[in-house]
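> Provided below for reference: sequence and predicted model.
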Amino acid sequence: MWASIDHPWLRAAAIAVASLFATGTARAAPANYPYLSWQDEFDGNAVETARWAFDIGTGSQFGLTGWGNNELQYYTDRTQNATVSGGVLQITARSESFGGKSYTSARLKTLGKFSQEGGRFVMRAALPTGQGLWPAFWMMPASDIYGGWAASGEIDIMEAKGQQPDRVAGTIHYGGQWPNNTQSSATRIFPAGQTIASFHTYALEWDTTGSPALRWYVDDVLYASRNSWWSSGGAYPAPFDQPFYLLLNLAVGGNYVGSPNGSTPFPATMQVDYVRAYTAAPPAITLTATSGTLTQAAVGNPEILAAASVTKTGAGTIRLTAANAYAGPTHIRAGRLELDGLGSIAASTAVQIDAGATFDVAASSGGYAVPDAQTIGGSGTVRGSVVFGRGSTLSPGAFDTATPLGGAALEPAMTVSIASVPEPTAVAVALVGLACLASRLRGPGWRRAVGRM
């Protein structure tokens, strides 16, 4: 997809296909990025707003006409245009009068919720066919640090023309700000008998260490690579040396595909089975809940097997519900982090709880305090509050005092470190007070309510 104004002559002049890409012989994608950093399996019954935001309208709020591409649709956040069922996200374009346009559709993005510099990004999807349909899986910079489009870059992992169902394209946009931008693109033609209408995996590998490079895959077969680009706003490898966020959309019409005609089927649906992101090393993961209670799956991390660190932010609650096995430190900056049922951070090397934050070892489920045994390893620094549930086991060096906390089975030689804070009231629970509070809270009758384009 284009992110700013596009003209046919500019596209024709800028495209460099075979001469700029090394396509070579197709080969299986290497397992360079084994660590899952974010995902959406679309297992719920609606678009998870903790993972995705919607772009609304025609782009006029950004000074664009038809999102800079003369597109014909009005993007909405209605269930008529974006819904989840049967483990699949469905983005549907409809022929209807809405917002001054003749078509509606949806455009989802992870801006403000997830972005990543480098790694592997994968989507499995079945795409609609028909004149004037333009499905895409792409990336934009989280910040325009090198200037406006396309000086700060754009990565199109996959875009397709509905009228050419036997092929997809991968593209990067870079250079100066429009109209001094340029691009490099390559096309993957499917084997005979295959089309975009069936489910395929579309992936990008983005190397940021060593020799910077971008590689495009369809069904784990490499079809294009690129290691040369530039930005008027910074030195190489700019602009592809900063975090980018993900976008999914189905456009109708525009410079890239032309307008639909009488043969174009409506409604037309882009079906997405999953979207996943990976890193080469255990990722630094941030779990954010601005309000309310969200499970770890709802924010894109259904199971954390490896992480350099896990940080909880936002005033809301994140409930860990999986047998997480990461060994990195855990930092609760704000709000509440709960371990519920199988939720675990047993291998975490350290836990830090900032002032005003809460670490809840045995959370509630349906209003009942889960008595399942929890094991907390590592060491802890407490500025906020800790609530230990019944059956909790604290390994040596973890949160503990000489007094049992909430009926926990304690081992000797354990300490709790209370860091100095500006005001005493910032320490919600401290040492011996932990036992008293936990005992009260965990009694048998306890109940807790628990743009940018």
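Structure's in. What do you need? Numbers count the residues shown, from 1 in each chain.

> quick one, strands of the stretch 101-250 of the chain?
In the stretch 101-250 of the chain, the strands defined using DSSP state E, counting those that start in this stretch lie at 101-105, 107-109, 119-126, 133-141, 154-159, 167-175, 181-189, 200-207, 213-218, 221-226, 244-252.

> so which of those strands is the most surrounded?
Of all the strands of the stretch 101-250 of the chain, strand 133-141 has the most neighbours on average by mean count of other Cβ atoms under 10 Å, namely a mean of 26. Yep, even glycine has a C-beta here, placed from its N, CA and C like the rest.

> tell me the angle it makes with strand 154-159.
If you take axes from the mean of the first three to the mean of the last three Cα atoms, to 10 degrees, strand 133-141 sits at 150 degrees to strand 154-159.

> how about strand 133-141 as PDB, C-alpha atoms only?
Provided in PDB are the C-alpha atoms of strand 133-141 (Å, rounded to 0.1, in the frame of the first residue of the first chain):
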ATOM      1  CA  LEU A 133      -9.800  -5.300  -5.200                       C
ATOM      2  CA  TRP A 134      -6.600  -4.500  -3.300                       C
ATOM      3  CA  PRO A 135      -5.800  -6.600  -0.200                       C
ATOM      4  CA  ALA A 136      -2.500  -5.900   1.600                       C
ATOM      5  CA  PHE A 137      -0.300  -6.800   4.600                       C
ATOM      6  CA  TRP A 138       2.200  -4.100   5.200                       C
ATOM      7  CA  MET A 139       4.200  -2.000   7.700                       C
ATOM      8  CA  MET A 140       4.700   1.600   8.500                       C
ATOM      9  CA  PRO A 141       7.200   3.400  10.900                       C
END
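
> that one - contacts with which helices or strands?
Strand 133-141 sits against strand 119-126, strand 154-159, strand 244-252, strand 268-279, with contacts defined as 3 or more Cβ pairs under 8 Å, 6 or more residues apart in numbering; DSSP states H and E.

> export these to JSON lines and tack on mean pLDDT and distance to residue 47?
Formatted as JSON lines, those follow (pLDDT from 0 to 100; distance: least, Cβ to Cβ, whole Å):
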{"stretch": "strand 119-126", "mean pLDDT": "97", "distance to residue 47": "15"}
{"stretch": "strand 154-159", "mean pLDDT": "98", "distance to residue 47": "20"}
{"stretch": "strand 244-252", "mean pLDDT": "98", "distance to residue 47": "10"}
{"stretch": "strand 268-279", "mean pLDDT": "97", "distance to residue 47": "11"}
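
> so for residue 316, which of the ones you listed sits nearest?
strand 244-252 (21.0 Å; Cβ to Cβ).

> contacts for stretch 270-279?
33-42, 87-92, 114, 116, 118-128, 135, 137, 199, 246, 248, 250 (Cβ atoms under 8 Å, 6 or more residues apart in numbering).

> so which of the strands of the stretch 101-250 of the chain comes closest to residue 347?
Among the strands of the stretch 101-250 of the chain, the nearest to residue 347 by Cβ to Cβ is strand 119-126 (22.9 Å).

> off-centre distance for the closest one?
Averaging C-alpha positions (Cα atoms, centre = their mean, to the nearest Å) puts strand 119-126 12 Å from its chain's average.

> strands paired with it, and their directions?
strand 200-207 (antiparallel), strand 268-279 (antiparallel) (DSSP bridges).

> show me the contacts for residue 153.
Listed by Cβ under 8 Å, 6+ apart, the contact set of residue 153 reads 140-141, 146, 172-174, 229, 231, 238-240, 242, 244.

> out of those residues, who's nearest residue 67?
Using Cβ to Cβ, residue 140 is the member of the contacts of residue 153 that sits closest to residue 67, with 12.0 Å.

> so that closest one sits right up against residue 154, yeah?
Yes. The criterion here is Cβ atoms under 8 Å, and residue 140 meets it with residue 154 at 5.8 Å.

> circling back: got CSV for the strands of the stretch 101-250 of the chain, with distance to residue 317 too?
Below are these laid out as CSV (distance: least, Cβ to Cβ, whole Å):
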stretch, distance to residue 317
strand 101-105, 34
strand 107-109, 25
strand 119-126, 28
strand 133-141, 30
strand 154-159, 33
strand 167-175, 40
strand 181-189, 44
strand 200-207, 33
strand 213-218, 38
strand 221-226, 43
strand 244-252, 24
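
> please identify which of those is closest to residue 327.
strand 119-126 (20.0 Å).

> just to revisit the earlier point, make a markdown table out of the strands paired with strand 119-126 and add distance to residue 189.
Listed next are these as a markdown table, based on distance: least, Cβ to Cβ, whole Å:
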| stretch | distance to residue 189 |
| --- | --- |
| strand 200-207 | 13 |
| strand 268-279 | 20 |
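
> go through the ones you listed and name the closest to residue 72.
Nearest of the strands paired with strand 119-126 (Cβ to Cβ): strand 268-279, 12.8 Å.

> partners of the very next helix or strand once past the closest one, with directions?
Using DSSP states H and E, the next helix or strand after strand 268-279 towards the C-terminus is strand 284-288. Sheet pairing of strand 284-288 (DSSP bridges) gives strand 309-313 (parallel).

> what sits up against the strand it pairs with?
Residues outside strand 309-313 that contact it (Cβ under 8 Å, 6+ apart): 284-289, 304, 318, 326, 328-335, 337, 345, 348, 357.

> mind listing which of these are in strands?
Secondary structure from DSSP state E places 284-288, 318, 330-332, 337 of the contacts of strand 309-313 in strands.
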